[in-house]
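Enquirer: Please work out how this folds:
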Amino acid sequence: MALGTIYSSYPTLCATKVTSRQSSSPFWRRRVSCSKRASLVSFANNLSISTFCPLRGDLRLSSSLTSRMSKPLLHNRKLTVFASEESTTQVQDEQNGDSTLSIDFDNTIDDAATIISIQGANQENLLASVATAFNSLGLVVMDASISTERETFQILDIFTVTDSNGNKLKEEEFDNVKNFLLKTCRPSSKSAPPSIYGLAAAAEVDWLRKSVSVSSGAAAGSQGAQVASGKKADMFNAEESTAREQAAAMLELAAAEMAQAAAALVNVERSAAQLARQVAELGSEDPELVGKLETLDNTRMEASAILERRMAAMEAALASRRQYKEAAVRKSSPEVLPAPLPVFQKPLEKSQAYEIGTGPACGQGYELILQGFNWESCKGMNGACWYDHLNSRLDEFVDAGYTSIWLPPPTESVSLQGYLPLDLYNLNSKFGSEEDLKRLLGRMREKNLKSVADIVINHRCASGQKDGVWNQFGGRLAWDESAITNDNPEWKGRGNRSTGEEYGAAPNIDHTNEGVRNSLKTWLKWMREHIGFDGWRFDYVKGYSGKFTQEYVDASVPRLAFGEFWDACNYSDGVLSYNQDSHRQRTVDWCDSTGGTTAAFDFTTKGILQEAVGRKELWRLTDAQGRPPGMMGLWPSRAVTFIDNHDTGSTLNHWPFPWDLIPCGYCYLLTHPGTPCIFIDHWNNEELNKNLRDLIQVRKKLRINARSKVTICVARGDLYAAIVDEKLCMKIGDGDWSPNKHTEHDLGNTRWEIACSGPSFAVWKKADA
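Expert: Numbers count the residues shown, from 1 in each chain. As a prediction, this is how the structure comes out:
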């Protein structure tokens, strides 16, 4: 081990000592104080989105957090670490060609923990990437020092960590941790486009971007002047002209970006071909050449992904152009009317509010669902079981405006979280006893809160063996291998083939077996009538035909019913495709297979929305027909919209929404049609809670519902704006827009006032509303 020294002596250093602890409050609640243990996820959550810190593009500290921080680190502070040369790795920052990141490990400074230091050029979302990596590795952060040099943006982040058992990391683990950190933090087209373009092409694109921005601003000023002068006819003519000019500018920009991306890919391909010839001539024994070829292959994949992204932007620009053309045809030929919408796409009439429901799927269309658990809720809270914890907060949920709470799987289970059920009639789980559950449901009924059970009936774990195979079930539903589908030979099922996709972790239930179906219907009726549940959330509905879901819903008559139809979005070279029509159609088809009795989570909207806000590609938020691009644009009364859940977020983080952009995501969901489902991790965060309360109150007051009508005004890279039910206007993104000065749509003489706002979002209501 060689002695190394890291200096933190910048004259204008912004350094902050951040100490966190694993909060005893729910998972995402912010807490900052001295402690000896803190998960980095909880630490990262302390870095909220309310106040932008100019010294770290990815670091946002709330004022309340800043006021509770300890004193800044002293200038010229010297930190001595022992580190071998092998423990430092440099990574080229593709956005700043000469920038590097280095990671050092040390086990000698702290007797009980390992010191990990990250130094180099800052990059977008670096701290969040580190948090994700540490969480995935199961590392626990005891202390963290976050610092950035004001002028050069060089960072020095120092973490004191242990493994999940509270021990130091072993030196042989350093390389694995380091490589995972570097892989997670490496810039790519999935987080920021690398600078592989030529200077001339980049200059052209920069010029076009500025011209698009200037034309948009000039248009706004011109429209504002015409509104002030009362020249309404001239104003609308100018608006149409301006819209065409903006569409042309956006098309030109998309074409230029696509051309430069294509040229960059061609250059990389040529370089790769030339290097491949050299390898062939000199033989594969030359490790330097082979290494260069592998590096170039990675660059080729990156360039290909960027070209796919630019092609998606071009597709969106062309779709926007078609929309302007169709709108012009409708204006010039008023007798040509669009085809009538199917019944399920029509907005709810004002006279129908609260009188005519949309079936058991999403109630009357005014539901607001709270997902009342995360992946760790099985561990309870502050010594109480999870059911009792929720019971203590029911007044809070009612006051906020929630109408329903989705609860975790209630049955006995092999897994702590409940998704590998054993005896369906045994409701003593890690979340609490059957009596705890009944007590919670009884109080929910008193407060008019609907309870939704997580129903796991695609598969079931056996309690006994036959011939060495776990396929004999216990409890009141004592099935044998005849209740198991025969697709997977591991379980030796004697039932029919599955009517859906196989789930490999447990025996899949044969829903074509009439006896099995009858016993499940009896169980669901018992859950409704004896236990007191109001509705169902069906887990993994891809595993069996939707017609069986309809049968279970018809037999048990729940007040709410929705399913998890999680299907992969459409990707090309690792880039989300612009057109997700086939993806959302598969979800619509599943809902249709249930006879419309059951709604579904709108995974299409989640995938598009987090890509759009995370990449500043808000042009994704309109489809080729000018509708919302997710399931909410086709069948909104059957779309349960969400940002994250226990699978995509929480400690699993399978597909998390960008943390600092969550307020934008909820602004979109809570002002649009569909039935919003808010994740408890987000509700428990102090800063997000305020944004959510404001948005919920606006939705409630203006009676935005599952079938509300959306008119999209703008959808470009930095801006999305829409009018909902002609009584609400909203925008997300950094682009400038206001319904009082941007009058692309005829709103009469309406005067709008701000209803609520937050980081990169704003919502307006009519001044007299």
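Enquirer: mind checking which helix or strand Arg443 is in?
Expert: Per DSSP states H and E: Arg443 is located in helix 434-446.
Enquirer: correction: Lys741
Expert: Using DSSP H and E, Lys741 is not contained in any helix or strand.
Enquirer: wait, what's in contact with Gly372?
Expert: By C-beta atoms under 8 Å, 6 or more residues apart in numbering, the contact list for Gly372 reads 390, 405-408, 680. Every residue, glycine included, has its C-beta placed from N, CA and C.
Enquirer: With Ile680 as the reference, measure out to it.
Expert: Distance of Gly372 to Ile680, given as C-beta to C-beta, to the nearest Å: 6 Å.
Enquirer: Then Thr750?
Expert: For Thr750, the distance to Ile680 equals 37 Å [C-beta to C-beta].
Enquirer: Between these two, tell me which one has more neighbours.
Expert: Neighbours were counted for Thr750 and for Ile680 using other C-beta atoms under 10 Å; Ile680 has more, 24 against 18.
Enquirer: State the distance from that one to Ser650.
Expert: The value you get for Ile680 to Ser650, if C-beta to C-beta is used, is 9 Å.
Enquirer: Kindly state the pLDDT recorded for the most centrally placed residue in the chain?
Expert: The chain has Phe657 as the residue nearest its centroid, 2.6 Å off, counting by C-alpha atoms, centre = their mean. Looking at Phe657, its pLDDT stands at 92.
Enquirer: Give the full set of residues in contact with it.
Expert: Counting by C-beta under 8 Å, 6+ apart, the residues that Phe657 touches are 606, 609-610, 643-644, 648-649, 665.
Enquirer: Hmm, Pro759 and Pro663 touching each other?
Expert: Yes. The criterion here is C-beta atoms under 8 Å, and Pro663 meets it with Pro759 at 5.1 Å.
Enquirer: More neighbours: these two, which one.
Expert: Comparing Pro663 with Pro759 by neighbour count (other C-beta under 10 Å), the higher total belongs to Pro663, at 27 against 20.
Enquirer: Does that one belong to a helix, a strand or coil?
Expert: With DSSP: H, G, I helix; E, B strand; the rest coil as the basis, Pro663 sits in helix.
Enquirer: I'd like to know how far it sits from Thr594.
Expert: For Pro663, the distance to Thr594 equals 33 Å [C-beta to C-beta].
Enquirer: hmm, back to that, from the contacts of Gly372, which ones fall inside strands?
Expert: The strands, defined by DSSP state E, take in 405-406 from the contacts of Gly372.
Enquirer: wait, doesn't Asn458 sit right on Tyr544?
Expert: Yes. Between Asn458 and Tyr544 there is a contact at 6.0 Å, judged by C-beta under 8 Å.
Enquirer: Between these two, which contacts overlap?
Expert: 500, 509.
Enquirer: quick one, strands of the stretch 301-450 of the chain?
Expert: Taking DSSP state E, counting those that start in this stretch as the criterion, the stretch 301-450 of the chain contains strands spanning 369-371, 404-406, 450-455.
Enquirer: Adding mean pLDDT, write those strands out as TSV.
Expert: Formatted as TSV, the strands of the stretch 301-450 of the chain follow (pLDDT from 0 to 100):
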stretch	mean pLDDT
strand 369-371	98
strand 404-406	98
strand 450-455	98
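Enquirer: Please name whichever of the ones you listed is nearest to Ala256.
Expert: Closest to Ala256 of these, according to C-beta to C-beta: strand 369-371, at 43.1 Å.
Enquirer: List the strands paired with that closest one, with their directions.
Expert: Paired strands of strand 369-371, with direction, are strand 404-406 (parallel), strand 675-679 (parallel) (DSSP bridges).
Enquirer: Highest mean neighbour count out of these?
Expert: Among those, strand 675-679 has the highest mean neighbour count (mean count of other C-beta atoms under 10 Å), at a mean of 27.
Enquirer: Report the distance from that one to the chain centre.
Expert: Strand 675-679 sits 12 Å away from the centroid of its parent chain (C-alpha atoms, centre = their mean, to the nearest Å).
Enquirer: Need the contact partners of it.
Expert: Identification of contacts with strand 675-679 by C-beta under 8 Å, 6+ apart yields 362-363, 365, 367-371, 374, 402, 406, 562, 599, 601, 639-645, 649, 666, 669-670, 692, 699, 706.
Enquirer: again, 7 Å this time
Expert: Strand 675-679 is touched from outside by 362, 367-371, 406, 599, 639-645, 649, 669-670, 692, 706, with contacts defined as C-beta atoms under 7 Å, 6 or more residues apart in numbering.
Enquirer: can you give me the helices in the stretch 351-500 of the chain?
Expert: 386-391, 394-400, 434-446 (DSSP state H, counting those that start in this stretch).
Enquirer: Run the chain-centre distance for the last one.
Expert: Offset of helix 434-446 from its chain centre (C-alpha atoms, centre = their mean): 31 Å.
Enquirer: same deal with stretch 421-438?
Expert: Relative to its parent chain, stretch 421-438 has a centroid offset of 30 Å by C-alpha atoms, centre = their mean.
Enquirer: Quick check: mean pLDDT of it?
Expert: Stretch 421-438 comes out with an average pLDDT of 98.
Enquirer: So for stretch 681-697, mean pLDDT?
Expert: Averaged across stretch 681-697, the pLDDT comes to 97.
Enquirer: Could the C-alpha coordinates of that stretch be exported in PDB?
Expert: The C-alpha trace of stretch 681-697 is given here as PDB (Å, rounded to 0.1, in the frame of the first residue of the first chain):
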ATOM      1  CA  ASP A 681     -42.300   6.700  -0.700                       C
ATOM      2  CA  HIS A 682     -43.000   9.900  -2.600                       C
ATOM      3  CA  TRP A 683     -45.800  10.900  -0.200                       C
ATOM      4  CA  ASN A 684     -43.400  10.400   2.800                       C
ATOM      5  CA  ASN A 685     -40.800  12.800   1.400                       C
ATOM      6  CA  GLU A 686     -41.200  16.300   2.900                       C
ATOM      7  CA  GLU A 687     -40.500  18.300  -0.200                       C
ATOM      8  CA  LEU A 688     -42.500  16.100  -2.600                       C
ATOM      9  CA  ASN A 689     -45.400  16.000  -0.100                       C
ATOM     10  CA  LYS A 690     -46.000  19.700  -0.400                       C
ATOM     11  CA  ASN A 691     -46.100  19.500  -4.200                       C
ATOM     12  CA  LEU A 692     -48.400  16.500  -4.100                       C
ATOM     13  CA  ARG A 693     -50.800  18.200  -1.700                       C
ATOM     14  CA  ASP A 694     -51.000  21.200  -4.000                       C
ATOM     15  CA  LEU A 695     -51.600  19.200  -7.100                       C
ATOM     16  CA  ILE A 696     -54.200  16.900  -5.500                       C
ATOM     17  CA  GLN A 697     -56.200  19.900  -4.300                       C
END
